[in-house]
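Undergrad: after the sequence you'll find the predicted model.
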Amino acid sequence: MRIVVAGGTGFLGSALVTALQRDGHAVTVLTRRPNASHHARWDPAGALSTWAQTLEDVDAVINLAGAPINHRWTAAHKRAMWNSRVTATRTLVAAMKSVRRIPPTLLNASAVGVYGPRGDEPITEESGSGSGFLAGLGAAWEKEAMAAGPHARTVLLRSGVILDRDGGALPQMALPFRLFVGGPLGSGTQYISWIHRNDWVSMVRWALMTTAVAGPLNATAPNPVTSAEFARALGKALHRPAIMPTPAFALKLVLGEMADVLLAGQRVFPEKAHALGFEFQYPTVESALRAIYP
């Protein structure tokens, strides 16, 4: 297949592009800073230009563009999060529609944040969107992606916390444990919906080839855990204690509004992936963390 990946140089994109190339696909990466032969320069917030031509005769588009959320949510960073997702997706979909044949498949990044804070309520793809900044951002982001239809099969990759040792949230989560001051966040009762990066890459590859997959797809492991359970598993993997909880007020001092996301939690299940036969390599947080920290 000929595949274009927008935002394919980051923590997730680089791993996915490597796997797709290993599968034998011809991959072009859209990036603001091209530095390889398979890269093409694009301006995700600008007008269509020559980069749109890279979508001619393409079989699939994978959109992973977006500023990181694990950052203090200042007004400026909120704007960056919004523009790098909503505006960039709008531009990409417009480019898809500008070529002679709309690419028949779009896999668009999203996040479980679209569900909003739900406590211990079991959440599947059938659950509605929630409230709050992340939920509003997710809903707007997904709306722009769905505008690629009806000619493009659109999959909304609602990812949880993606675990690996060389990027994402895990290195920051592991640091207190390495300093022997690790423990659960806040009360420890809130749920963390997570997935190992290898399983995330496998699920994207599977969704690419499985035409029955469309609409929301929860890219999370089948066993979400509470913050206390996650802390115990991480402490065990790092051979460190997990007895020093981080008070809610301290999180809010450091992270501001983003702390509310960590303290609320979501209990998300990959119902669609399970029903359509996807198999996880790391279904439990213990197995995932053992693989990351052998």
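TA: That came through, no problem. For clarity, every value in this text was computed on a predicted model and none was experimentally measured. Numbering: from 1, shown residues only.

Undergrad: and the residue of the chain most remote from its centre, what does it touch?
TA: Largest separation from the mean C-alpha position in the chain: R100, at 30.2 Å (CA atoms, centre = their mean). By CB atoms under 8 Å, 6 or more residues apart in numbering, the contact set of R100 is E56. Where you see a C-beta, it was placed from the backbone N, CA and C, and this is true even at glycine.

Undergrad: could you pull out the helices for this protein?
TA: Assigned by DSSP state H, the helices in the chain fall at 11-22, 75-82, 88-98, 133-146, 170-178, 197-209, 227-238, 248-255, 258-264, 271-275, 285-292.

Undergrad: now R101. Nearest residue, chain neighbours left out?
TA: Nearest residue to R101, sequence neighbours excluded (CB to CB, 6 or more residues apart in numbering): D57, at 6.8 Å.

Undergrad: I misspoke; the intended subject was T189.
TA: T226 (5.6 Å).

Undergrad: is that neighbour in contact with Y191, as I believe?
TA: Yes. Taking contacts as CB atoms under 8 Å, T226 lies within contact range of Y191: 5.8 Å.

Undergrad: who touches both of the two?
TA: The contact sets of T226 and Y191 overlap at G265 (CB under 8 Å, 6+ apart).

Undergrad: neighbour count winner among these two?
TA: Regarding T226 and Y191, a neighbour count based on other CB atoms under 10 Å identifies Y191 as having more, with 23 against 18.

Undergrad: and that one, what does it touch?
TA: Taking CB under 8 Å, 6+ apart, one finds 120, 224-227, 265-268 in contact with Y191.

Undergrad: may I ask which of those residues has the most neighbours?
TA: Greatest neighbour count in the contacts of Y191, by other CB under 10 Å, goes to V268: 29 neighbours.

Undergrad: quick check: that one vs W194, distance?
TA: Look at V268 and W194: by CB to CB, to the nearest Å, they are 9 Å apart.

Undergrad: do the same with M258
TA: 17 Å.

Undergrad: do L253 as well
TA: 25 Å.

Undergrad: ok, now V201?
TA: 15 Å.

Undergrad: which of those two has more neighbours?
TA: When V201 and W194 are compared for neighbours, W194 comes out ahead with 26 against 20, by other CB under 10 Å.

Undergrad: list the beta-bridge partners for that one.
TA: V161 (DSSP bridges).

Undergrad: quick one, what contacts P34?
TA: Going by CB under 8 Å, 6+ apart, P34 touches 40-41.

Undergrad: now stretch 234-252 - C-alpha only, CSV.
TA: Extracted in CSV, the C-alpha atoms of stretch 234-252 (Å, rounded to 0.1, in the frame of the first residue of the first chain):
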residue,chain,number,x,y,z
LEU,A,234,5.5,0.2,38.2
GLY,A,235,7.2,0.0,41.6
LYS,A,236,7.6,-3.7,41.2
ALA,A,237,9.0,-3.4,37.7
LEU,A,238,11.5,-0.8,38.8
HIS,A,239,12.3,-2.6,42.1
ARG,A,240,11.2,0.4,44.1
PRO,A,241,8.6,1.1,46.8
ALA,A,242,5.2,2.6,45.8
ILE,A,243,4.1,4.1,49.1
MET,A,244,4.4,7.9,48.6
PRO,A,245,1.1,9.2,47.1
THR,A,246,1.3,12.6,45.3
PRO,A,247,-1.3,14.9,46.9
ALA,A,248,-3.9,16.4,44.6
PHE,A,249,-3.0,19.9,45.6
ALA,A,250,0.7,19.3,44.7
LEU,A,251,-0.3,18.0,41.2
LYS,A,252,-2.5,21.1,40.7
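
Undergrad: what residues does it touch?
TA: By CB under 8 Å, 6+ apart, stretch 234-252 touches 173-174, 176-178, 180-188, 231-232, 259-260, 262-263, 286, 289-290, 292-293.

Undergrad: hmm, which of these are the buried ones?
TA: 173-174, 176-177, 182-186, 188, 231-232, 259-260, 262-263, 286, 289, 292 (16 or more other CB atoms under 10 Å).

Undergrad: surely E144 is in contact with T89?
TA: Yes. The pair E144 / T89 is scored as a contact, 4.0 Å apart, by CB under 8 Å.
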